[in-house]
Each structure stands twice: as C-alpha cells, then as structure tokens.
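A.B. asks: coords below, sequence missing:
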C-alpha cells in the first residue's frame, strides 16, 4: 500500500461516525437495552439499526406474556404507564391434559394470584394485587419503547442493516448497508434467532427442529375470561389460551408443521371448526379476530455469547419452545444483565467492550439460558405425545405438584422472574 492510499484510509477513519454502542435490531431487546443504558448514563451515544422499516417493527400482531420482573424493568425504564392500558393481568392459570375426542378435560394443575383469583381450596396466592404476569400486545410494547428511546436522544435508523463488522482492537468498525462505517466500543447483535451477525462472529449454536409450528392468532369470545390463562396439553402439542383486554384471547396453538401450514391456509369456515374443537365452549361462541400465521418451532442456543467488542442478546442468543412462555422474558433478563455490566464498567472507567468485562454478562446469562432450554425441550417432548404410559406419569406428576403448596409457590416465583441472581432492573432498582 503506497503512502497516499494509507493517508486516504486514515482520513476516512477520522471522518467516520463514532458512537459508544451500536445495537443491531430494533425490536424490544434492542430498544429496551438502548433505553436502559441511556437512562442510566445519558452521555452514552447509542445507534440502533434495524433492517425493517420503523412501521413494520411496531406492527407486530402478536401478544406476549410479561412476567412481574419484566413489568418492573419496563416500569423502571418509564414506559409501563403507557403500556398498562393495553395490558391484561393474568390472575390465574389452569393446566389440562387430554385428547381431542375426550368429552371432558380434567384440570391437573392450577395457579392463582392475588385476592381476585377464584381458584379451588388450597391454591397458593402470592402478593395481593400483583399478578405474576400480564399479556401485552407486542405493538404496544415496542411502540412505547421506540417513543421513549427517541425522546431520550437514541438514534434509531430503519430500514438500515448492519452488513459486516471488523474488530480493529480499540474499536469495532460496523459497516452499514448504506455504505457508512460507524466505529463503536461495542456492537450488540439483537437481530433474531437467525442472526446474521452471530454467524459472522463465528459463534456456533446447538440447534434442532421439533417438526412443529406454532399457530398464532387472536380470538373473541362471548364470556369474560376473568384473567385466566389456560394451557391444554394435546397429543400434537400445547394449546395455550392467553387472556387479552376485553373478551379476547391470544392463542399459541402447536401442531405438526405440515398440519399447521394446512390449517393456516384453510378457509375461515374450516379453520373455525378446528379451532372450536380445541378451544371448547366454556367461554361461549369463539371467533377469529385477527390474522393467523404459523412459525416453525425449534431450539437454538448459542455456544458463546461474546467476542471482543461483540455481544449477543435476545433471540440471537437463544430461541426456545413457547411451552413455558419465557422466550420474551429471557430477553428482558439479557437486557438487564448486559446493561448492568456495561454501566458498572463505565463507572469504573473500564473498557466495557473488552472480553474480560463482557465475560461477566456471559457467565450471568449462559447457564440460566441453557437450563431453560433444557426444561422447555423436556416439557415439549413429555407433553407432545399420546403414549399412555407417559400420559399416566405426567398426569400423576401434575397432580402431585397441585397438592404441594410450597412447590407451587416455588414455581410461581420462578415464573415471575424473581428467582436466582436477578439483575437490578428486574428487581425494579435503578442501575
């Protein structure tokens, strides 16, 4: 390389944009992390880039269960008050196990929360008026986060993809789709379970396909759900009815992949008949009240979470079966742990993009994530079959848990996201 070429490169580097952190992914993880960092340290310069247009990011038709620890995080970030009018508290939950042809679905396990819950005698309740989870439309949550992030001075560029990156030692050179190069202390990949950046970083995954798909839609029904969630274990997989505001519920309906694709493509009449067979008549007439779509189900766990000046967060680090309803809440744990790691290092004057600093985040999250991945995998294999001997064992197990208040209480605390070494934001504390 001649001297003039070297001078041109050095001049370009001087002119290149510089920020503290680039976050690839403008969903709830990317926006939540950016807002958590900016709220704790307003001097941070953060760029969020997403390949999707802004309107498409906030148009997610799905709804998610946000556990109490996630609500605490959103409250600390100052967005819960805007989300709350769209949120439906989950006051109780029942678990059944049956076949489609069965005349009745026996309830093997019940959970109730707070004084309003009307569970059977012996059901454990936790803190009064503190539901262990809320159902929230993704559009309301992401919209509130995007609004707050913009008001906080976070740069959100969409559509804008991170095409590649180069570790230069003292900085990460992030190459954007529009031809710009942005240099940052840290690049965070929050670009989904099929993360391009994870692959570019050379991070391998453990991955397998369940041969299932989750059908997601919204339904309306005549009678009120009273804040009750239902998990019906059917031979093809779990059929979850999750309460939304009004007389509406969100469905997460697991089927073999070919069957799920067939059902989604069927006309409204056939789909309605199949829905009624699984939903039942306990809430009166049920009607589809939103778009329906199916997405493949599998397990994806990153073997590593970090590289120099690079970290994974959210689905780019873990994609699990929805049987536990914890996928989104694992993303909240990533946000809280990574934000705390970065802010603590910054206050000590340390390089938060260095591997030894990022290893704290990796240690904090990797074991918990693998543990949850194994649990959801075992639960799916245990409950997505029609083997009589297995059905007997699982039903006896559910019945035993239902009769052990201390064990139910332990499960509830875990479901609320408050168990273990929780980061500050999940406890409602400031960084």
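C.D. replies: Thanks, I have it. All values derive from a computational prediction rather than experimental measurement.
A.B. asks: Where does pLDDT dip in this protein?
C.D. replies: 1-16, 101-104, 113-129, 386, 388, 390-392, 394-420 (pLDDT under 70).
A.B. asks: rerun at 90
C.D. replies: 1-17, 53-62, 93-132, 233-237, 280-281, 290, 321-327, 368, 371-422 (pLDDT under 90).
A.B. asks: for it, longest strand please?
C.D. replies: When the chain is parsed with DSSP state E, its longest strand is strand 205-221.
A.B. asks: which residues in the stretch 201-350 of the chain form strands?
C.D. replies: 205-221, 228-234, 237-244, 248-256, 286-288, 293-302, 306-307, 310-312, 318-319 (DSSP state E, counting those that start in this stretch).
A.B. asks: Nearest residue to the residue nearest the centre of the chain in space, please, no chain neighbours.
C.D. replies: In the chain, the residue lying closest to the centroid (Cα atoms, centre = their mean) is residue 328, at 1.3 Å. Using Cβ to Cβ, 6 or more residues apart in numbering and skipping residues adjacent in sequence, the residue nearest residue 328 is residue 64, 4.5 Å away. Where you see a C-beta, it was placed from the backbone N, CA and C, and this is true even at glycine.
A.B. asks: check contacts around the one you found.
C.D. replies: Shown in contact with residue 64 (Cβ atoms under 8 Å, 6 or more residues apart in numbering): 135-136, 138, 141, 328.
A.B. asks: for residue 215, same thing?
C.D. replies: Neighbouring residues of residue 215 by Cβ under 8 Å, 6+ apart: 251-255, 260, 263-264, 292-294.
A.B. asks: what would those residues look like in JSON lines with distance to residue 84 and neighbour count?
C.D. replies: Shown next, in JSON lines, are these (distance: Cβ to Cβ, whole Å; neighbours: other Cβ atoms under 10 Å):
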{"residue": "251", "distance to residue 84": "23", "neighbour count": "22"}
{"residue": "252", "distance to residue 84": "23", "neighbour count": "22"}
{"residue": "253", "distance to residue 84": "28", "neighbour count": "25"}
{"residue": "254", "distance to residue 84": "30", "neighbour count": "25"}
{"residue": "255", "distance to residue 84": "33", "neighbour count": "24"}
{"residue": "260", "distance to residue 84": "33", "neighbour count": "23"}
{"residue": "263", "distance to residue 84": "34", "neighbour count": "18"}
{"residue": "264", "distance to residue 84": "32", "neighbour count": "17"}
{"residue": "292", "distance to residue 84": "27", "neighbour count": "20"}
{"residue": "293", "distance to residue 84": "27", "neighbour count": "14"}
{"residue": "294", "distance to residue 84": "30", "neighbour count": "22"}
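A.B. asks: Would you mind putting the residues you listed into a markdown table with distance to residue 363 alongside?
C.D. replies: Conversion of these to a markdown table gives the following (distance: Cβ to Cβ, whole Å):
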| residue | distance to residue 363 |
| --- | --- |
| 251 | 37 |
| 252 | 32 |
| 253 | 37 |
| 254 | 33 |
| 255 | 38 |
| 260 | 37 |
| 263 | 43 |
| 264 | 41 |
| 292 | 41 |
| 293 | 37 |
| 294 | 36 |
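A.B. asks: Quickly name whichever of these is closest to residue 57.
C.D. replies: Checking the contacts of residue 215 against residue 57 with Cβ to Cβ, the nearest one is residue 293 at 16.8 Å.
A.B. asks: Wait, that closest one touches residue 214, no?
C.D. replies: No - with contacts counted by Cβ atoms under 8 Å, residue 293 stays clear of residue 214, the gap being 9.3 Å.
A.B. asks: which one of the contacts of residue 215 sits closest to residue 281?
C.D. replies: residue 251 (15.7 Å).
A.B. asks: The closest one contacts residue 219, doesn't it?
C.D. replies: Yes - applying Cβ under 8 Å, one finds residue 251 in contact with residue 219, separated by 6.1 Å.
A.B. asks: what touches both of these two?
C.D. replies: Residues touching both residue 251 and residue 219 by Cβ under 8 Å, 6+ apart: 275, 279.
A.B. asks: re the thing from before, the residue nearest to the centre of the chain: what's it in contact with?
C.D. replies: 28, 64-66, 70.
A.B. asks: neighbour-wise, which of the residues you listed leads?
C.D. replies: Of all those, the highest neighbour tally under other Cβ atoms under 10 Å goes to residue 70, namely 30 neighbours.
A.B. asks: Now it. Nearest residue, chain neighbours left out?
C.D. replies: The shortest distance from residue 70 to any non-neighbouring residue, by Cβ to Cβ, 6+ apart, is to residue 332 (4.4 Å).
A.B. asks: Likewise for residue 316?
C.D. replies: Once flanking residues are discounted, residue 316 sits nearest to residue 195: 3.6 Å by Cβ to Cβ, 6+ apart.
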